[in-house]
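S.K.: the following comprises the amino acid sequence and a computationally predicted model.
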Amino acid sequence: MKALSGRELAHVLESHGWALLRVQGSHHIFAKRGSEVRLSVPVHANRPLKKGLQRHLMRMAGIDEADL
């Protein structure tokens, strides 16, 4: 799995229909119409997300690794 920064993951989410609801500190909160799921993506400069967090956020968003 390619390590993504929070900013890169935010762009991937937006390209898959997720919308930015609000920003709380360095965490960007995303939602998708018709879904109760809320995703909190930490955007800390261009530091890559940890593997487990990235995998969890992508799974919750319904995005496969091949969709990157």
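M.R.: All right, it came through fine.

S.K.: from now on I want contacts and neighbour counts done on CA atoms only, so please keep to that.
M.R.: Noted.

S.K.: ok, residues contacting stretch 60-68?
M.R.: Stretch 60-68 is contacted by residues 1, 12-13, 37, 39, 58 when judged by C-alpha atoms under 8 Å, 6 or more residues apart in numbering.

S.K.: cross the residues you listed against helices and list the overlap.
M.R.: Among those, the members falling in helices (DSSP state H) are 12-13, 58.

S.K.: ranges for the helices of this protein?
M.R.: Using DSSP H, the helices of the chain run over residues 6-15, 51-61.

S.K.: hang on, the earlier thing: want to try CSV for the contacts of stretch 60-68, with neighbour count as columns?
M.R.: Shown next, in CSV, are these (neighbours: other C-alpha atoms under 10 Å):
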residue, neighbour count
1, 9
12, 17
13, 23
37, 12
39, 22
58, 17
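
S.K.: pLDDT score assigned to the residue lying farthest from the centre of the chain?
M.R.: Most distant from the centre of the chain: residue 34, at 17.3 Å, with distances by C-alpha atoms, centre = their mean. Residue 34 carries a pLDDT value of 93.

S.K.: ok, residue 68 next?
M.R.: pLDDT, read off for residue 68, is 78.

S.K.: number of nearby residues for it?
M.R.: 10 (other C-alpha atoms under 10 Å).

S.K.: one more: residue 32?
M.R.: By other C-alpha under 10 Å, the residues close to residue 32 number 18.

S.K.: same deal with residue 2?
M.R.: 9.

S.K.: report the separation between it and residue 28.
M.R.: From residue 2 across to residue 28, the span is 21 Å (C-alpha to C-alpha, to the nearest Å).
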